[in-house]
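In: I'd like to go over a predicted model; first the sequence, then the structure.
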Amino acid sequence: MDLCHRLRQTTGAGTDMMRTIDDMNIDRWKNPVGVSVPGDELRFLLVPDRVEAAICFDLAQKVHVHQDQMRGKPGEISVALMITQGGLLPGILLYDHVVEGRPQGTPKIRFGTLGISGYQGPGERSTEMQVQQGISVPVRDCTVLIIDDLGDSGSTMKLASDHVMANGASSALTLVPYMKPEAVQHFSADFSFGEVPQDTWIITPRERIETLMKRVPVWKQSGATEQECRRRLCDLIGYSTAEVNYYLPVAYDLG
């Protein structure tokens, strides 16, 4: 009896989790459309935890194919750098697949970080993209995989790639779950899962609360009541009632 079959025969959370993963139509998340909020220039797309995990599994399989094709060749990935903060969650999820589940005979990829500042909040780019934290692992003469959560304008991936090459890497590849049209045009990722419109703010599992805390004051300043903010978060975007009950009063007071 295989592991999946045994899990389905058990009771409790394990069964629910397996059923959720198996029954998910992940293809519909390749070109998702965010929801509009009254008076807000952005559209919001909340990505559930299980979807983020499924997307990273899809990306990991693409990395496996690359490693198999480049086995023993100069383009074989030996280092992966997670861009902080955005690349940390996809990077951690990918680690399990591309290190512990790597194709037999391919190298164990060393993971590290590279800190780049790009955003102050939803839709608010920093005035200047810059490296805030240097590369944490040696990259000289290595093919390096740079991991981030999104290709927005392509500027983060370009800066990271240039920085990695300037530090002696032999080549740099990039991986993001989602791309936007501007990034596709200027600096497209080597590995990606899907594409969203330029005006879409993707709310990943790592920044649900950050988005809530930074956007609610903007809505309040535009005239939204606390009840209207609750409606936008729960009914339109898809936040849980528990999260909104806990954080909304504090966020609204900041406006």
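Out: Now that the structure is in, tell me what you want to look at. All figures in this text were calculated on a predicted structure; none of them were measured in a lab.

In: so what's the nearest residue to residue 252 once chain neighbours are set aside up against?
Out: Distances taken as C-beta to C-beta, 6 or more residues apart in numbering put residue 226 closest to residue 252, at 4.8 Å, once the chain neighbours are dropped. The C-beta positions use only the backbone N, C-alpha and C, and glycine is treated the same way. Residues near residue 226 by C-beta atoms under 8 Å, 6 or more residues apart in numbering: 220, 248-249, 252.

In: and residue 226, how close does it get to residue 233?
Out: 11 Å (C-beta to C-beta, to the nearest Å).

In: which neighbours do those two share?
Out: Counting by C-beta under 8 Å, 6+ apart, the residues touching both residue 226 and residue 233 are residue 248.

In: show me what the helix or strand hosting residue 64 is packed up against.
Out: According to DSSP states H and E, residue 64 maps onto helix 49-69. Counting contacts by 3 or more C-beta pairs under 8 Å, 6 or more residues apart in numbering; DSSP states H and E, helix 49-69 packs against helix 13-23, strand 77-84, helix 88-95, strand 171-179, strand 191-195.

In: burial measure for residue 199, as a count.
Out: 13 (other C-beta atoms under 10 Å).

In: give me the three-state assignment for residue 102.
Out: Here residue 102 is coil, with the state taken from DSSP: H, G, I helix; E, B strand; the rest coil.

In: for the helices and strands packed on helix 49-69, give me TSV that also has distance to residue 44 and mean pLDDT.
Out: Below are the helices and strands packed on helix 49-69 laid out as TSV (distance: least, C-beta to C-beta, whole Å; pLDDT from 0 to 100):
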stretch	distance to residue 44	mean pLDDT
helix 13-23	23	47
strand 77-84	22	98
helix 88-95	18	98
strand 171-179	14	98
strand 191-195	16	98
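
In: include distance to residue 34 when you put these into a markdown table, please.
Out: A markdown table is the format used below for the helices and strands packed on helix 49-69 (distance: least, C-beta to C-beta, whole Å):
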| stretch | distance to residue 34 |
| --- | --- |
| helix 13-23 | 22 |
| strand 77-84 | 22 |
| helix 88-95 | 19 |
| strand 171-179 | 11 |
| strand 191-195 | 12 |
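
In: of those, which is nearest residue 137?
Out: With C-beta to C-beta, the closest approach to residue 137 among those belongs to strand 77-84: 6.1 Å.

In: contact partners of the closest one?
Out: 63, 66-67, 70, 87-88, 90-92, 94-95, 98, 107, 109-116, 133, 135-139, 142-149, 156, 160, 164, 169, 173.

In: paired strands for that strand, with orientation please.
Out: According to DSSP bridges, strand 77-84 forms sheet pairs with strand 110-121 (parallel), strand 143-147 (parallel).

In: now the angle from that strand to helix 88-95?
Out: Calculated by axes from the mean of the first three to the mean of the last three C-alpha atoms, to 10 degrees, strand 77-84 forms an angle of 150 degrees with helix 88-95.

In: let me know the pLDDT of the residue sitting nearest the centre point of the chain.
Out: For the chain, the residue nearest the mean C-alpha position is residue 149 (2.8 Å; C-alpha atoms, centre = their mean). On the pLDDT scale, residue 149 is placed at 96.

In: what do you get for residue 228?
Out: 98.

In: count residues in the vicinity of it, would you?
Out: Neighbour number of residue 228 under other C-beta under 10 Å is 15.

In: and the residue nearest to it when sequence neighbours are not counted, what element?
Out: Spatial nearest neighbour of residue 228, excluding adjacent residues (C-beta to C-beta, 6+ apart): residue 219 at 7.4 Å. Assigned by DSSP H and E, residue 219 falls within helix 208-221.

In: pretty sure residue 160 is touching residue 174, no?
Out: Yes: between residue 160 and residue 174 there is a contact under C-beta atoms under 8 Å: 7.5 Å.

In: which residues do the two both contact?
Out: Contacts common to residue 160 and residue 174, judged by C-beta under 8 Å, 6+ apart, are 146, 148.

In: chain center to the helix holding residue 219, what's the gap?
Out: Distance of helix 208-221 from its chain centroid, counting by C-alpha atoms, centre = their mean, to the nearest Å, is 20 Å.
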